[in-house]
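K.L.:
quick one, structure for this:
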Amino acid sequence: MQYFALLISSEDALTPDERAALMPAFESFHAQAGSAIRAGDALTPAATGVRISGGPDAPVVTDGPFAESAEVACGYYVFEAENLDEALALTRGIPVARYGAVEVWPVFHSFDPDWSRSGSNWLALLLEPPASAYVPGTPEWQQVAAQHGAFATAADEHIVGGAALHEPATATTVRVRNDEVLITDGPYVEGAEVANGFYVLSAADRDQAVKLASQIPATTVELRQLAGVSHL
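P.N.:
The predicted structure is shown next:
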């Protein structure tokens, strides 16, 4: 089974010396967990990101940074694991868990990326109010899935890959503080938007990426460019 791990931290959480030590820490993590990693990359700063609300019929584009968030997404992984316990064991080794947090969801179906697409790559994180973050397989979810099928047909050559996530109750947040692993089960804060899917899009430039993301059938899309450190 696959699990989506979203890395979250404050962008000023580390000192310059701590930042310098971060790359070796990630290299060590990849050496240990590499066989389970199906995809992953860092994200460029939130100031370069975009939030798109209103849905495809009336999209409203807001440039980053997003002042309402003390912590922002800074990277992602997709893991292959036998079960949640194995996925969480992998997650606690991610360096970001020691000063930020990692949110983990089981993936519905699987993420099978095609990295041969040309252009820059962008993570489009799909966000919904809890009331419309439907359980996969339900009639309501199937109706939205049909809309995603239409989007996939229209944007096919620009879609590196994508996947739906299971409902908020299945999410788990991992933090490591003083070598103690702190686990928080979902759902999260009432009324807050929750992730329920993602795409990786390939685009010629930022404008095209925003145009593509604006067509995704979701209440809100957070669009962030992949840093290109590694997509594995």
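
K.L.:
what is the neighbour count of Leu84?
P.N.:
Leu84 has 15 neighbours, counted by other C-beta atoms under 10 Å. The way it works is simple: take the backbone N, C-alpha and C, and place the C-beta from them, glycine included.

K.L.:
got the end-to-end distance for stretch 98-117?
P.N.:
34 Å (C-alpha to C-alpha, to the nearest Å).

K.L.:
mind listing what's buried along it?
P.N.:
For stretch 98-117, a neighbour-count test (16 or more other C-beta atoms under 10 Å) marks 98, 100-108, 111, 113, 117 as buried.

K.L.:
pLDDT check: weakest of those?
P.N.:
Lowest pLDDT of the buried residues of stretch 98-117: Arg117, 88.

K.L.:
against Leu43, how distant is the closest residue to that residue other than its chain neighbours?
P.N.:
Once flanking residues are discounted, Arg117 sits nearest to Ser202: 3.7 Å by C-beta to C-beta, 6 or more residues apart in numbering. Remark: distance between Ser202 and Leu43 (C-beta to C-beta, to the nearest Å) = 15 Å.

K.L.:
beyond the helix or strand bottoming out on mean pLDDT in the chain, next helix or strand please.
P.N.:
Here the helix or strand of the chain ranked lowest by mean pLDDT, DSSP states H and E is helix 16-33, holding a mean of 89. With elements assigned by DSSP states H and E, the helix or strand that comes after helix 16-33 is strand 37-42.

K.L.:
in its sheet, what does that following strand sit against?
P.N.:
strand 72-80 (antiparallel) (DSSP bridges).

K.L.:
now the strand it pairs with against helix 16-33, angle please.
P.N.:
Angle, strand 72-80 to helix 16-33, by axes from the mean of the first three to the mean of the last three C-alpha atoms, to 10 degrees: 10 degrees.

K.L.:
residues in contact with strand 72-80?
P.N.:
1-11, 33, 36-43, 46, 49, 65-66, 87, 90-91, 94, 96, 100, 107, 111, 123, 125, 163, 198, 222, 224, 227 (C-beta atoms under 8 Å, 6 or more residues apart in numbering).

K.L.:
and that strand, how far from the chain's centre?
P.N.:
Taking C-alpha atoms, centre = their mean, to the nearest Å, one finds strand 72-80 lying 5 Å from the centre of the chain it belongs to.

K.L.:
for Val181, give the beta-bridge partners.
P.N.:
Beta-bridge partners of Val181, as defined by DSSP bridges: Val176.

K.L.:
what about the helices in the chain?
P.N.:
16-33, 84-91, 139-154, 206-213 (DSSP state H).
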